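> sharing a model prediction with you, sequence too.
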2 protein chains.
Amino acid sequence: MVRGGKRSGAGRPRGTGKFGESTVRIRVPEGKLSVVQALLESGDQYALPLFDGRISAGFPSPTDDYSEGKLDLNHHLIHRPATTFFVRVSGDSMIGAGIHQDDLLVVDRSLSPKHQDVVIAVVDSELTVKRLSRKSGSVALMPENPVYAPLEITADMAFEIWGVVTSVIHQFR
Amino acid sequence: MVRGGKRSGAGRPRGTGKFGESTVRIRVPEGKLSVVQALLESGDQYALPLFDGRISAGFPSPTDDYSEGKLDLNHHLIHRPATTFFVRVSGDSMIGAGIHQDDLLVVDRSLSPKHQDVVIAVVDSELTVKRLSRKSGSVALMPENPVYAPLEITADMAFEIWGVVTSVIHQFR
DNA sequence: ACTTTTGATTTCTGTCCCGATAATCTAACT
DNA sequence: AGTTAGATTATCGGGACAGAAATCAAAAGT
């Protein structure tokens, strides 16, 4: 007479809802509701497809499957958000390293500056970006532009390294 | 005898809770609970301070107030997420434009390619990044490296522009 | 008269409950 | 064997509730 009956495995399976997973109820301020819902419904809006320029056979299309995977700029370029900041470049003393006027630098304060690192330094109250040289016990800031001269750091200078430049971003449009 | 009494204005004011705003209840999948809570409690984790290299007086410190404001790379570099993708650079034909081997390009398909734009193009099944020239009715792809020659586009070529390069990102570390 | 205490009131937050809906299983039926 | 219908269990969103928090106003204290 009875259909079914109490048994394991019966009923709606878990994780068959909208999110494919069990859910928790939380309170969200009204102002941030839209961004949270966007995060939930469409995943990370800024995880965008990455193409490898080396693979160019077969006339691929941007609408194809993205076998190279997806990339989020923030995650890719910023490893420690708490110790990272940006600097807008002034001057052309590092043009040989691909750092141009008005470029944006990503700087991490938590990295220990090593020989040949590009660093943000303050020398006598002046903010500069240079390549750090630690050769033979002396410290020097090396520009990458023949117009400028290397700057040897001496004990009487107010010298501080703010951080190590991890990336440079140049905008065309 | 009665203290207080029914009246308007009494009671806890609205918006005095944890979020300073009225809240709504939503369901969040367990797996995304931590990221949603991080978004709510600490704001945008990737909105980082921006310094202007031109302002260098007074020996500022990264721990000072950030009068230049905060910047989010995704918002700053990606205006239309739906039509934007990344390309990893292969080759050195655009080194004069600051585009090096293994750099990351941000490409927007929704921008109409104009004269002198840096574009991602497919010519005869080959993916290239070049500066677009539309002078005098003809179309050409101009490298920025004297080792390479300009490529004039003729009618018999399979030619397609994938998008306009809006930024180039070079990583040091 | 001024300050402090105390109860009343109202809102916030997290949790529980519940009905409607949805998805699956098993028995009954064709 | 294939279909149908009841049983079972999970999801989803709304209502409700207890405890905490914040404010008001009267009462009590100085």
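Yep, it's here.
> wait, what's in contact with residue A:114?
A:132, A:134, A:164 (Cβ atoms under 8 Å, 6 or more residues apart in numbering or on different chains). The way it works is simple: take the backbone N, C-alpha and C, and place the C-beta from them, glycine included.
> before we move on, what SS does it have?
Classification of residue A:114 by DSSP: H, G, I helix; E, B strand; the rest coil places it in coil.
> now do it, the pLDDT please.
pLDDT recorded at residue A:114 is 96.
> quick one: it from DNA strand C, how far?
44 Å (Cβ to the nearest atom of the strand, to the nearest Å).
> which helices and strands sit right next to the lengthiest strand in chain A?
Longest strand in chain A by number of residues (criterion: DSSP state E): strand A:159-171. Where contact means 3 or more Cβ pairs under 8 Å, 6 or more residues apart in numbering or on different chains; DSSP states H and E, strand A:159-171 is packed against strand A:104-108, strand A:118-123, strand A:126-133, helix B:73-77, strand B:159-171.
> so which of these gets nearest residue B:122?
Of all the helices and strands packed on strand A:159-171, it is strand B:159-171 that lies closest to residue B:122, at 4.8 Å by Cβ to Cβ.
> partners of the closest one in the sheet?
strand A:159-171 (antiparallel), strand B:104-108 (antiparallel), strand B:118-123 (antiparallel) (DSSP bridges).
> show me how far it is from its chain's centre.
12 Å (Cα atoms, centre = their mean, to the nearest Å).
> ok, the nearest residue in space to residue A:106 that is not next to it in sequence to residue A:52 distance?
Once flanking residues are discounted, residue A:106 sits nearest to residue A:167: 4.2 Å by Cβ to Cβ, 6 or more residues apart in numbering or on different chains. According to Cβ to Cβ, to the nearest Å, residue A:167 stands 19 Å off from residue A:52.
> picking that back up, could you give the number of residues near the residue nearest to residue A:106?
24 (other Cβ atoms under 10 Å in any protein chain shown).
> again with residue A:108
Residue A:108 has 21 nearby residues by other Cβ under 10 Å.
> correct me, but it touches residue A:167?
No: applying Cβ atoms under 8 Å as the test, residue A:108 and residue A:167 come out as separate, 9.5 Å apart.
> ok and the lowest-mean-pLDDT helix or strand in chain A relative to strand B:126-133, angle-wise?
Here the helix or strand of chain A ranked lowest by mean pLDDT, DSSP states H and E is strand A:47-52, holding a mean of 87. Counting by axes from the mean of the first three to the mean of the last three Cα atoms, to 10 degrees, strand A:47-52 lies at 100 degrees to strand B:126-133.
> just to revisit the earlier point, among the contacts of residue A:114, who's most crowded?
residue A:164 (21 neighbours).
> so who does that residue touch?
Per Cβ under 8 Å, 6+ apart, neighbours of residue A:164: A:107-108, A:111-114, A:117-120, B:172-173.
> for residue A:130, which non-adjacent residue is closest in space?
residue A:141 (3.6 Å).
> same check, this time on residue A:35
residue B:39 (7.4 Å).
> which secondary structure elements does the longest helix seen in chain A sit against?
Counting by DSSP state H, the longest helix found in chain A is helix A:33-41. Secondary-structure packing of helix A:33-41 (3+ Cβ pairs under 8 Å, 6+ apart): strand B:23-29, helix B:33-42.
> may I see the buried residues of that helix?
A:36, A:39-40 (16 or more other Cβ atoms under 10 Å in any protein chain shown).
> got JSON lines for the residues you listed, with pLDDT and distance to residue B:103 too?
Shown next, in JSON lines, are the buried residues of helix A:33-41 (pLDDT from 0 to 100; distance: Cβ to Cβ, whole Å):
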{"residue": "A:36", "pLDDT": "92", "distance to residue B:103": "34"}
{"residue": "A:39", "pLDDT": "88", "distance to residue B:103": "29"}
{"residue": "A:40", "pLDDT": "88", "distance to residue B:103": "33"}
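> let's have the residues you listed in a markdown table, adding distance to DNA strand C.
Formatted as a markdown table, these follow (distance: Cβ to the nearest atom of the strand, whole Å):
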| residue | distance to DNA strand C |
| --- | --- |
| A:36 | 13 |
| A:39 | 18 |
| A:40 | 17 |
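> quick one: the residues you listed as CSV, columns for distance to residue B:154 too.
Compiled in CSV, these are given as follows (distance: Cβ to Cβ, whole Å):
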residue, distance to residue B:154
A:36, 52
A:39, 48
A:40, 50
